[in-house]
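Asker: sequence first, then the predicted structure, then my questions.
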Amino acid sequence: MDRSGTSPAHGRKRSTRLFALAGAALLALTVSACGGEAEEQAAVEPAAVSQEDLTKLPDATTFGTVEGAPSDPGGESTGRVVHPKKDLVVYKAVNGEPFAKLPTRQMGSPTWVPVVAEQGEWVQVLLPTRPNGASGWIHASDADLESAENTFAVNVDRENFEIEITENGESIGTWTIGIGTNEHPTPEGRAYIIASIEETVNDYSPIVLPLSYHSDSHETFGGGPGTVGIHTWPDDSFVGQANSDGCIRVTQEALDELVKLPLGTIVNIV
């Protein structure tokens with residue numbers, strides 16, 4: 001289990017893996033039923049939120065719980081990740097009710113979240129909060145949001161104790177792992193990497209990769225919020241075993257490859 005709540009967090013650069021997209025999302029086009037020329041659909045602007053109201057919204061971070069968040073809609077990932085350049089309002093739907101704000105940093109690293117749906121100038125993103133699988137809609141614009149393509153994904157097969165990295169859907173490496181015990185299982189779902197932390201307090205792993213998911217059995221762990229993480233272990237006793245408190249234990253070789261992935265990379269845990 002990630003003890004990052006008590007450890008200093010140091011963001012690691014992912015610029016070599018991120019390729020910025022030019023421009024904001026294009027306005028949707030509609031064609032009249034009688035076969036007329038296409039015309040621009042009116043943009044759906046978000047309801048105004050005052051600075052005072054923005055400060056009252058809970059932060060969408062691994063340290064909190066956001067009540068009323070929509071669940072992960074499932075389906076294929078868009079392959080797009082976004083980074084807020086300022087605190088952005090998160091809505092329950094396109095132009096819906098504000099319920100949280102997405103900060104620019106998570107655990108010392110820049111906030112990069114995966115996009116799971118798009119509608120005009122709006123994007124639905126996965127959030128790093130409790131409950132697991134929380135999502136929300138943000139209004140995208142050039143001024144407020146940096147966008148990039150991410151062709152990588154991570155697949156975790158708990159039954160076979162395997163972790164796989166893919167690029168453009170093709171496997172580029174598979175390693176044997178350790179997972180949570182029956183009492184403290186590694187949670188299932190579509191998580192993602194939220195930060196990269198150089199460990200300075202504990203000696204079990206030089207770097208910890210916290211995920212957006214949390215333990216279902218630990219409300220807190222080691223002074224932190226019970227965040228599930230990916231990390232190494234001092235010996236090989238974990239390999240092919242269910243003996244962690246919910247985190248995913250990997251070999252040093254696997255971690256060396258995982259730390260190269262961009263923040264916001266999807267981690268499918270099945």
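Answerer: Sure thing, it's come through. Numbering: from 1, shown residues only.
Asker: roughly how far apart are Thr62 and Glu159?
Answerer: Separation of Thr62 from Glu159 (C-beta to C-beta, to the nearest Å): 27 Å. In short, each C-beta sits where N, CA and C put it, glycine included.
Asker: likewise for Pro58?
Answerer: Taking C-beta to C-beta, one finds Pro58 at 36 Å from Glu159.
Asker: now Ala254
Answerer: Taking C-beta to C-beta, one finds Ala254 at 18 Å from Glu159.
Asker: what about these two, which has more around it?
Answerer: When neighbours are counted by other C-beta atoms under 10 Å, Ala254 and Glu159 differ, and Ala254 comes out ahead with 22 against 7.
Asker: secondary structure element holding that one?
Answerer: Using DSSP states H and E, Ala254 maps to helix 252-258.
Asker: check Ser212 too.
Answerer: Going by DSSP H and E, Ser212 is in strand 207-214.
Asker: so after that strand, what's the next helix or strand?
Answerer: Past strand 207-214, the next helix or strand by DSSP H and E is strand 227-231.
Asker: buried ones in the next helix or strand after that next one?
Answerer: Note on strand 227-231: by DSSP H and E, the next helix or strand toward the C-terminus is strand 242-244. By neighbour count on 16 or more other C-beta atoms under 10 Å, the buried set for strand 242-244 is Ala242, Ser244.
Asker: residues in contact with the following helix or strand past strand 242-244?
Answerer: Where DSSP H and E defines the elements, the next helix or strand beyond strand 242-244 is strand 248-249. With contacts defined as C-beta atoms under 8 Å, 6 or more residues apart in numbering, strand 248-249 is touched by 156, 163, 177-179, 186, 228-233, 238, 269.
Asker: can you give me the mean pLDDT across strand 248-249?
Answerer: Strand 248-249 shows an average pLDDT of 98 in the prediction.
Asker: please compute how far that strand lies from its chain's middle.
Answerer: Here the centre of strand 248-249 is set off from its chain's centre by 17 Å, with C-alpha atoms, centre = their mean, to the nearest Å.
Asker: about what we covered before: which positions within the strand holding Ser212 qualify as buried?
Answerer: Those would be Ile207, Val208, Leu209, Pro210, Leu211, Ser212, Tyr213, His214, for strand 207-214 by 16+ other C-beta under 10 Å.
Asker: what does stretch 180-190 give?
Answerer: For stretch 180-190, burial by neighbour count (16+ other C-beta under 10 Å) applies to Gly180, His184, Pro185, Thr186, Pro187, Gly189, Arg190.
Asker: same question for stretch 117-137.
Answerer: For stretch 117-137, by 16+ other C-beta under 10 Å, it's 117, 120-130, 132-137.
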